[in-house]
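Visitor: Just to be clear, the model below is a prediction. Sequence and coordinates:
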Amino acid sequence: MESNLLIEFEDLRAKSINALLAAKEEGRKVVGKYCIYSPMEIVVAAGAIPIPLCSTKQDPIAVAEKVLPRNLCPLIKSSYGYAASGACPYFKLSDLLIAETTCDGKKKMYELLAEIKPLHLLQLPQKQDEEALQYWYGEIIKLKDRLEVELSVTITDRGLREAIQLMNEERRSLKDLQDIAKLKPSPISGIDLLMVLYNRGFSIDKREAVVMVDRLTLELKELYSQGVSPFNTKTPRILLTGVPIGIGSHKVVQIIEESGGNVVCFESCGGYKAVYDQVDEEKEPLLAIAENYLRTPCSCMSPNSARFELVEQLADEFKVDGIVDLTWQGCHTYNIESYSLKKYLQQKRSRPFLQIETDYSESDVEQLKVRIEAFLEMISST
């Protein structure tokens, strides 16, 4: 037995296309985004629909490689390939793109995207101190100004405060859902949890999505109380950290669970990292937004001690047996940082740690199976 609501989430992405088309016919504007550093509160306050853009599948990479280097990160190539080929319906429907200078590959790719679609590039500082905050605050103000011009609207403080409350409620609901996996055994598999986290982002009605997520959380609690779970108390519990993933780039999650493990926590951008912190509802809205988003613990920041601390905290809270650090080929920041993360965690508490470097293709699946099976066997034997 499993939650009936999972089927609703599986269909959500496909249904969102028709909903977006209807909204566009009514005059609504759509703003596409690629990264969690892009503050959606301002988009919501502008009366526009924020939507994530396609970037998690291998299919369009061949198109991208006609322009981009073959040894570039697959996430960047997939993003550009979807846009250049016209295969991403959300990209087509977007009136404006929001991007950010997280890594060198992305910011140069965004220059090419700007030739296809209007794009606003947020100049993200690479540190997280007071000086960086003041600079980033200025960037947030520039984004507000650009949205007002592009969308022909006035963004008010009241609108921003209401948008902050809505987005905080979204974060709360997604955190509650992910916290369900703290139960042992978890009543939801990692692959199903990833599907929900990924697909619900394409819902154009955030309030409706919050209700759906809360219903699923309650249903999973009920299943747990009935002793229903895909796993047992001896199933190795895995925390997945590292690069962002989604449906289409989920092969490592699938291999872990097919090999007898359970991914109980996604620290990465589409998981806990995006929801563990709230925007302060008492402060001046744009400053509060700037503070919250700049705190995001991404490997593009130097130093990035907040990520190390968050992984340690989540490993304790979710009672994990091992940590898998996933890196895309060509993602130098996460790849180099893996050494420091492992060292930090081993100094705090020795936990099994496995770094995996891969791409979106299926070419290394058998090799990954061997490594992951050995990792889970080591955990089970201790």
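Guide: Thanks, I have it. Residues are numbered from 1 along each chain as shown.
Visitor: tell me the pLDDT at the residue nearest the centre of the chain?
Guide: Centroid-nearest residue in the chain: G270, 1.8 Å away (criterion: C-alpha atoms, centre = their mean). At G270, the model reports a pLDDT of 94.
Visitor: That one: what's it in contact with?
Guide: 194, 197-198, 201, 244-246 (C-beta atoms under 8 Å, 6 or more residues apart in numbering). Where you see a C-beta, it was placed from the backbone N, CA and C, and this is true even at glycine.
Visitor: Among these, name the ones in helices.
Guide: Members of the contacts of G270 lying in helices (criterion: DSSP state H): 194, 197-198.
Visitor: Of the residues you listed, which qualify as buried by neighbour count?
Guide: 194, 197-198 (16 or more other C-beta atoms under 10 Å).
Visitor: Take those residues and lay them out in JSON lines including distance to P303.
Guide: Listed next are those as JSON lines, based on distance: C-beta to C-beta, whole Å:
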{"residue": "L194", "distance to P303": "29"}
{"residue": "L197", "distance to P303": "28"}
{"residue": "Y198", "distance to P303": "30"}
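Visitor: Just to be sure, D325 is in a strand?
Guide: Yes: secondary structure of D325 (DSSP: H, G, I helix; E, B strand; the rest coil): part of a strand.
Visitor: For it, give its distance to R215.
Guide: Separation of D325 from R215 (C-beta to C-beta, to the nearest Å): 33 Å.
Visitor: same thing with A132?
Guide: Taking C-beta to C-beta, one finds A132 at 40 Å from R215.
Visitor: Equivalent analysis for S55, please.
Guide: Taking C-beta to C-beta, one finds S55 at 28 Å from R215.
Visitor: quick one: which of the two has more around it?
Guide: Neighbour tally, S55 and R215, criterion other C-beta atoms under 10 Å: the higher count belongs to S55, 25 against 15.
Visitor: Now do the contacts for that one.
Guide: 34, 75, 78-79, 82, 246.
Visitor: That one falls within a helix, correct?
Guide: No: looking at S55 with three-state DSSP, it is coil, so not inside a helix.
Visitor: Make sure S229 is indeed in a strand.
Guide: No: counting by three-state DSSP, S229 is located in no strand; its state is coil.
Visitor: A181 is in contact with that one, correct?
Guide: No: S229 is beyond contact range of A181, at 10.5 Å (criterion: C-beta atoms under 8 Å).
Visitor: Can you show me the strands along the stretch 201-350 of the chain?
Guide: 237-242, 262-266, 322-328 (DSSP state E, counting those that start in this stretch).
Visitor: mind putting these in JSON lines, mean neighbour count included?
Guide: Formatted as JSON lines, those follow (neighbours: other C-beta atoms under 10 Å):
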{"stretch": "strand 237-242", "mean neighbour count": "26"}
{"stretch": "strand 262-266", "mean neighbour count": "27"}
{"stretch": "strand 322-328", "mean neighbour count": "23"}
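Visitor: neighbours around L12, how many?
Guide: Using other C-beta under 10 Å: L12 sits among 21 other residues.
Visitor: let me redo that: P50
Guide: P50: 23 neighbours (other C-beta under 10 Å).
Visitor: and if you look at the one 4 residues further on?
Guide: Residues within reach of C54, counting by other C-beta under 10 Å, total 22.
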